[in-house]
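Novice: 3D, please:
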Amino acid sequence: MALDVSADWSVLALVALAGLMLGLFIAWAVGRRQVARKDFDLSRNYFRGLNYLLNEEPDKAIEVFIQALEVDEDTVELHFALGKLFRRSGELDRATRLHQNLIARPALPPSQRQTAIYELAHDYMSAGLYDRAEGLFEELTGNSEYRERALLALVRVYELEKDWSAAITASRSMGESEQGNNIRMLHYYCELAELGFMQEDMDVVATTLDAAQKLDPKSPRATMLKVQMLLSMGKFGEALDQWEHLVSNQSQYAEIIDDVFLQLDSMSKTQQRRVLVLIKKIVLDLEDLPMAEKAIELCAGLNGQAAADSLLHVWSNNCSGPVRIYALKRLVEADGETSAEYAALANFALSSEIESTDYLCSECGFEAKAMLWQCPNCNQWGSLMRQFRNDIPAVKGSQG
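Specialist: Numbering: from 1, shown residues only. I've put the predicted structure just below:
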């Protein structure tokens with residue numbers, strides 16, 4: 001199996017070289033011929049392995065390093081380096097066997113045994129054997145040196161299993177000192193709330209959202225779910241209060257709530273007009289095309305087509321992205337404008353493919369086309385933020 005020669009090989013080479021230097025130093029310091037002879041044989045294998053690495057022959061290098069381990073099985077650190085290399089290159093069976101063999105050594109010091117268990121748990125986790133990984137990480141929570149790392153790994157296992165209650169319990173064990181712990185727990189409660197929606201259990205929804213908002217009263221996700229809960233209960237006034245707060249303070253999240261529009265027919269005219277005011281603010285703040293389409297439809301229904309056309313003129317003058325194109329296109333279609341400016345803009349609108357927004361992870365830079373509460377690349381919660389791009393420059397002489 002040919003492996004990609006990358007930073008892993010540089011790390012392995014450094015580990016091997018460090019081990020060589022340490023061995024030579026011990027031989028020199030102790031001054032015993034037997035130790036020196038043993039370290040000489042071992043160092044020869046190190047040099048052979050390093051030569052293979054430099055020649056981009058990783059498979060041969062691995063075999064030589066394994067031979068070195070057979071010469072002196074006390075070189076446990078090199079075992080660990082090889083195990084990580086196997087795991088990162090996808091050779092999970094070899095990594096697992098290596099760490100299992102280490103754990104089976106009766107004379108292995110306790111600290112190194114804990115390290116081997118920790119690495120084996122990660123082997124199982126990478127292989128998707130979450131129950132086995134969970135058992136080993138739980139064992140390590142009793143060790144002071146590995147407790148925090150084991151709890152953090154357990155939380156990740158529970159995330160992958162979507163066992164949100166267990167993830168909350170493990171997170172609580174870490175305490176507030178763990179960076180980002182409250183943010184994670186908030187999203188776990190929100191995940192439980194969404195399950196409550198699916199199961200039509202409003203008691204679960206209410207309880208979990210209360211817990212989420214205690215961790216962060218300003219959480220946009222918890223507020224969004226609260227809006228959905230109130231709408232489903234027919235409490236439209238309270239729902240619009242929550243939504244208005246979101247529009248005023250975190251408008252990039254307000255446009256995600258589709259339930260507001262699903263319930264429009266059940267609202268009073270006053271409440272519908274309130275919705276229209278909030279949608280118009282979102283359109284101006286975010287240049288959100290779907291919201292613009294909904295606003296025009298609602299405006300025409302409430303106030304007539306003339307009011308909707310007036311709103312289109314406002315957007316054609318004050319917006320610079322896809323909303324402006326949409327407004328101009330609608331005006332051209334409705335009014336039959338034939339001026340050169342309108343014709344040019346209409347042609348541009350029809351021929352352009354515009355990406356209005358992306359969502360960018362503030363932690364790792366991952367880009368997504370839709371809103372995600374957890375970054376699939378770095379696994380951070382609440383790190384994706386809306387980005388604006390490809391604004392359309394104004395065309396001189398155009399009038400709304």
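Novice: pLDDT weak spots in the stretch 1-150 of the chain?
Specialist: Filtered on pLDDT under 70, the stretch 1-150 of the chain yields the residue ranges 1-46, 50, 53, 58-59, 62-74.
Novice: where do the helices of it begin and end?
Specialist: Along the stretch 1-150 of the chain, the stretches classed as helices by DSSP state H, counting those that start in this stretch are 7-30, 33-54, 58-71, 76-88, 92-103, 110-126, 130-140, 147-161.
Novice: so how far is the fifth one from its chain's centroid?
Specialist: Which is helix 92-103. 30 Å (CA atoms, centre = their mean, to the nearest Å).
Novice: run through the neighbouring helices and strands of it.
Specialist: Under the contact criterion of 3 or more CB pairs under 8 Å, 6 or more residues apart in numbering; DSSP states H and E, helix 92-103 touches helix 76-88, helix 110-126. Every C-beta, even on glycine, is put in place using the N, C-alpha and C of the backbone.
Novice: pipe these into CSV and attach mean neighbour count and distance to residue 200 per row.
Specialist: Below are the helices and strands packed on helix 92-103 laid out as CSV (neighbours: other CB atoms under 10 Å; distance: least, CB to CB, whole Å):
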stretch, mean neighbour count, distance to residue 200
helix 76-88, 20, 43
helix 110-126, 19, 34
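Novice: please compute how far the helix or strand hosting residue 301 lies from its chain's middle.
Specialist: Assigned by DSSP states H and E, residue 301 falls within helix 289-303. Chain-centre distance of helix 289-303: 34 Å, with CA atoms, centre = their mean.
Novice: give me the contacts around it.
Specialist: With contact meaning CB atoms under 8 Å, 6 or more residues apart in numbering, helix 289-303 is reached by 255, 261, 264, 269, 272-273, 275-276, 279-280, 282-283, 307-308, 311-312, 315, 322-323, 326-327, 330, 356.
Novice: report the buried members of those.
Specialist: Neighbour counting with 16 or more other CB atoms under 10 Å marks 255, 264, 272, 275-276, 279-280, 282-283, 308, 311-312, 315, 322-323, 326-327, 330, 356 as buried within these.
Novice: so of those, which ones are in helices?
Specialist: 272, 275-276, 279-280, 282-283, 308, 311-312, 315, 322-323, 326-327, 330 (DSSP state H).
Novice: closest to residue 114 among the residues you listed?
Specialist: residue 282 (53.0 Å; CB to CB).
Novice: OK, contacts around the closest one?
Specialist: 247, 251, 254, 255, 288, 291.
Novice: and if you look at residue 254?
Specialist: Residue 254 touches 224, 243, 246, 247, 278, 282, counting by CB under 8 Å, 6+ apart.
Novice: rebuild those residues as a markdown table, extending it with distance to residue 189 and pLDDT.
Specialist: A markdown table is the format used below for the contacts of residue 254 (distance: CB to CB, whole Å; pLDDT from 0 to 100):
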| residue | distance to residue 189 | pLDDT |
| --- | --- | --- |
| 224 | 13 | 91 |
| 243 | 20 | 90 |
| 246 | 18 | 86 |
| 247 | 23 | 86 |
| 278 | 26 | 91 |
| 282 | 26 | 87 |
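Novice: same list, these, but as TSV with distance to residue 105 please.
Specialist: As requested, the contacts of residue 254 are exported to TSV (distance: CB to CB, whole Å):
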residue	distance to residue 105
224	53
243	62
246	58
247	63
278	66
282	63
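Novice: residue 365 belongs to a helix?
Specialist: No: counting by DSSP: H, G, I helix; E, B strand; the rest coil, residue 365 is not part of a helix but coil.
Novice: quick one: low-confidence residue ranges for the stretch 151-300 of the chain.
Specialist: In the stretch 151-300 of the chain, residues with pLDDT under 70: 175-179, 255-256.
Novice: repeat for the stretch 301-400 of the chain
Specialist: For the stretch 301-400 of the chain, the ranges with pLDDT under 70 are 335-357, 388-400.
Novice: how about 80 then?
Specialist: Applying pLDDT under 80 to the stretch 301-400 of the chain flags the ranges 320-321, 332-358, 386-400.
Novice: mind jotting down where the strands sit in it?
Specialist: For the stretch 301-400 of the chain, strands defined by DSSP state E, counting those that start in this stretch occupy the ranges 357-361, 367-368, 384-388.
Novice: okay, those in CSV with mean neighbour count next?
Specialist: Rendered in CSV, the data for the strands of the stretch 301-400 of the chain read as follows (neighbours: other CB atoms under 10 Å):
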stretch, mean neighbour count
strand 357-361, 18
strand 367-368, 12
strand 384-388, 15
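Novice: mind putting those in JSON lines, distance to residue 114 included?
Specialist: JSON lines is the format used below for the strands of the stretch 301-400 of the chain (distance: least, CB to CB, whole Å):
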{"stretch": "strand 357-361", "distance to residue 114": "33"}
{"stretch": "strand 367-368", "distance to residue 114": "38"}
{"stretch": "strand 384-388", "distance to residue 114": "36"}
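Novice: mind checking which of those strands is nearest residue 189?
Specialist: strand 384-388 (18.8 Å).
Novice: so residue 191 makes contact with residue 164?
Specialist: Yes: with contact defined as CB atoms under 8 Å, residue 191 reaches residue 164; the gap is 4.7 Å.
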